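*Asks:* What would the 3D arrangement of this be:
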Amino acid sequence: MKMETSNSRSSFSIASKDLPCEIIEEILLQLPVKSLLRFKCVSKSWLNLISDHKFIKSHLHQSTKQHPPHDHDGAGGDRVSNTHLMLSSTSLIHSLHLQLPNTKKEEQVPPATTDAEVVLESIVEYPVTTMVRRPSVKDIKIVGSCNGLLCLVLDSQQMIIYNPSTRHVQEVPCPEETVVGKDYFYGFGYDSRNDDCKIVRATSSSRDGNFVTQLDIFTLKTNAWRTKTKTLPFYFMSSLVGTLLNGALHWAVRRGINISPTADSDDHDHRPFEIVSFDLTEETYKEVSLPCDGDKQFSFYGLGVLGGCLSMLHSPHGSDYQVWVMREYGVKASWSVFTTIPQKMEDSKEYIGLMSLLCVLKNGEILMMLHNHKKVVIYNPGQRKFRTIFSGEIGSSRVALYLETLVSPKIYAPSSSPCILAA
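*Replies:* Model (predicted):
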């Protein structure tokens, strides 16, 4: 047996020497992250190549082409998509590795008539206490995911950037003006022009009848925060994280100047909803038009991305949830209702409550997270039925789609504070 292993390695060594370096690199760029991490042990030259920042960015570009963010466009025919969902519990990050039928853009899908074959391949748990110098963690908020990096808020105070594939962790310095117990609204994304990752933290308050929104912006390149304060005619809603699309973060907000209650006010907030986007490169605000001119009765139940399109949930007057999609970004007339979702589960008749829509499958079914029920489910619009893929003790914070990459926080900021290799 040892002789066979030795001959095998010898043959491999000769073959690799016969191949030009460019061909070897091109082959390695096609491989998954787990294989590349193992292949670092093959030789010193392979270790140097796979660890090289240029190679890592080329592999990221290749992975993004093969697995576009949010959903695939169906160009791969019937091929199976490997999808990772990141969920949080009290002190763990759960990674669900799903095999899905190739997903498509929402305008291409037919109504679902049969169940798609979805396989939960594996569940991996990452203890957060091994990532940071803390004796315990009681709450984890997933702020977002981009380029294989997760942004997490621990116990509403400490922030980290973490790559679950490589186990690299970078602790984020705390912003100067942090008030314990105050509502903060977060977002995380990539600034393509400056090749930088940014965290955005927002908070709204009232001054002389006007809303003042303060943004704290962290960039990996500088490893520092800076503050932007602007008077805006809206305020952020509680406990929301930004939805990343087209290089901008999107939040649901309420519009209004005077925050004092009206004389005929009941217990409802009559100020209309809006969607506001924040461009990560320009660092500017822009309002995204709703299909209804900010109708006061237009009730938001969450923003998301389906098939590469901005999406939102709306429940008109207590009836079924409507899933709206903006087929052409920024064009108000392109909003349309994609499908409807019942307010109650068909078996228990319990209200569904808060949900996150994750992607549209090839047959028109929707992968989604039911936060109140702590379940990942597939919804069949044609049959109006749910089937459970995963159920467990997971937190109610946002779920994130995750792409496995070799990217370390250090790749954007080589001179910043050192990364930690988590256990």
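*Asks:* any weak-confidence spans in the stretch 301-423 of the chain?
*Replies:* Applying pLDDT under 70 to the stretch 301-423 of the chain picks out residues 301, 318, 348, 395-397, 414-418, 422-423.
*Asks:* Actually, the stretch 101-250 of the chain.
*Replies:* 102-116, 178-181, 209, 237-239.
*Asks:* in it, which spans are strands?
*Replies:* Residue ranges of the strands in the stretch 101-250 of the chain, as given by DSSP state E, counting those that start in this stretch, are 119-127, 140-146, 149-154, 158-163, 168-172, 185-191, 196-207, 210-219, 224-232, 234-236, 243-245, 248-255.
*Asks:* elements contacting the strand or helix carrying residue 358?
*Replies:* Residue 358 belongs to strand 355-360 when assigned by DSSP states H and E. For strand 355-360, the contact count by 3 or more CB pairs under 8 Å, 6 or more residues apart in numbering; DSSP states H and E identifies strand 300-306, strand 309-314, strand 366-370 as packing neighbours. Just so you know, the C-beta spots here come from the backbone N, C-alpha and C atoms, and that holds for glycine as well.
*Asks:* Give the partner strands of that strand in its sheet and their orientations.
*Replies:* strand 366-370 (antiparallel) (DSSP bridges).
*Asks:* what about the strand it pairs with, distance to the chain center?
*Replies:* 14 Å (CA atoms, centre = their mean, to the nearest Å).
*Asks:* again with stretch 53-66
*Replies:* 19 Å.
*Asks:* can you pull the buried residues of the helix or strand harbouring residue 100?
*Replies:* Element membership for residue 100, per DSSP H and E: strand 92-101. Going by neighbour count (16 or more other CB atoms under 10 Å), the buried part of strand 92-101 is 92, 93, 94, 95, 96, 97, 98, 100, 101.
*Asks:* can you redo the helices and strands packed on strand 355-360 as JSON lines with mean neighbour count and distance to residue 183?
*Replies:* Output for the helices and strands packed on strand 355-360, formatted as JSON lines (neighbours: other CB atoms under 10 Å; distance: least, CB to CB, whole Å):
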{"stretch": "strand 300-306", "mean neighbour count": "21", "distance to residue 183": "17"}
{"stretch": "strand 309-314", "mean neighbour count": "23", "distance to residue 183": "21"}
{"stretch": "strand 366-370", "mean neighbour count": "23", "distance to residue 183": "22"}
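*Asks:* and the strand holding residue 100, which strands flank it?
*Replies:* strand 80-88 (antiparallel), strand 119-127 (antiparallel).
*Asks:* what's the offset of the last one from the middle of its chain?
*Replies:* Centroid displacement of strand 119-127 relative to its chain, using CA atoms, centre = their mean, is 17 Å.
*Asks:* Any buried residues in it, and which?
*Replies:* For strand 119-127, by 16+ other CB under 10 Å, it's residue 126.
*Asks:* returning to that earlier point: any chance of the strands of the stretch 101-250 of the chain in CSV with distance to residue 374 as columns?
*Replies:* CSV is the format used below for these (distance: least, CB to CB, whole Å):
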stretch, distance to residue 374
strand 119-127, 14
strand 140-146, 14
strand 149-154, 19
strand 158-163, 22
strand 168-172, 26
strand 185-191, 22
strand 196-207, 27
strand 210-219, 31
strand 224-232, 34
strand 234-236, 26
strand 243-245, 21
strand 248-255, 23
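*Asks:* by how many degrees do the strand holding residue 100 and strand 140-146 diverge?
*Replies:* 40 degrees (axes from the mean of the first three to the mean of the last three CA atoms, to 10 degrees).
*Asks:* how about strand 92-101 as PDB, C-alpha atoms only?
*Replies:* C-alpha atoms of strand 92-101 as PDB (Å, rounded to 0.1, in the frame of the first residue of the first chain):
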ATOM      1  CA  LEU A  92     -23.400  29.500  17.100                       C
ATOM      2  CA  ILE A  93     -23.300  30.200  13.400                       C
ATOM      3  CA  HIS A  94     -25.000  27.400  11.400                       C
ATOM      4  CA  SER A  95     -24.000  26.700   7.800                       C
ATOM      5  CA  LEU A  96     -26.600  24.800   5.800                       C
ATOM      6  CA  HIS A  97     -25.200  23.300   2.600                       C
ATOM      7  CA  LEU A  98     -28.100  22.800   0.200                       C
ATOM      8  CA  GLN A  99     -28.200  21.300  -3.300                       C
ATOM      9  CA  LEU A 100     -30.800  23.100  -5.300                       C
ATOM     10  CA  PRO A 101     -32.100  22.600  -8.800                       C
END
